[in-house]
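Student: Provided below for reference: sequence and predicted model.
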Amino acid sequence: MIDMSNDDGSEDYHKGLECYKKKEYKEAAIHFNDSVDKGYGPACGYLGYMQLQGLGVEKSTNDACHTFAYGTLCQDNYSIFMLSKM
């Protein structure tokens, strides 16, 4: 069956952003991760930053690097910038 939901990850991203603004980092990370899994670039920047800082997830430079690298494939400018600094 063909998925006609048009779920590009933007809904998960916006849920994550709302949680992030409330400093509900664990919940934000879940939504951003779901969004990244769907290939939504802007979520890569947020999730990578959270991994780099240990916000709601285990602090991991390696994970952040991988997330930013994936973000570059999704043409996310923040991920491109952050990866260039690592």
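Tutor: Received the coordinates, thanks.
Student: so His31 touches Ser10, yeah?
Tutor: No. At 11.0 Å, His31 and Ser10 do not qualify as touching, with contact defined as C-beta atoms under 8 Å. In this view, the C-beta of every residue, glycine as well, is placed from N, C-alpha and C.
Student: between those two, which one's more packed in?
Tutor: Taking other C-beta atoms under 10 Å, His31 and Ser10 do not tie; His31 has more neighbours (24 against 14).
Student: List the residues that contact the more buried one.
Tutor: Asp12, Tyr13, Lys15, Gly16, Cys19, Ala43 (C-beta atoms under 8 Å, 6 or more residues apart in numbering).
Student: gap between the helix or strand harbouring it and the chain center?
Tutor: Applying DSSP states H and E as the criterion places His31 in helix 25-37. Relative to its chain's centre, helix 25-37 lies at 6 Å (C-alpha atoms, centre = their mean, to the nearest Å).
Student: tell me the mean pLDDT over that helix?
Tutor: Per-residue pLDDT values across helix 25-37 average out to 96.
Student: list the buried ones in stretch 21-39?
Tutor: With burial defined by 16 or more other C-beta atoms under 10 Å, the residues of stretch 21-39 counted as buried are Tyr25, Ala28, Ala29, Ile30, His31, Phe32, Asn33, Asp34, Ser35, Val36.
Student: Thanks a lot, see you next time.
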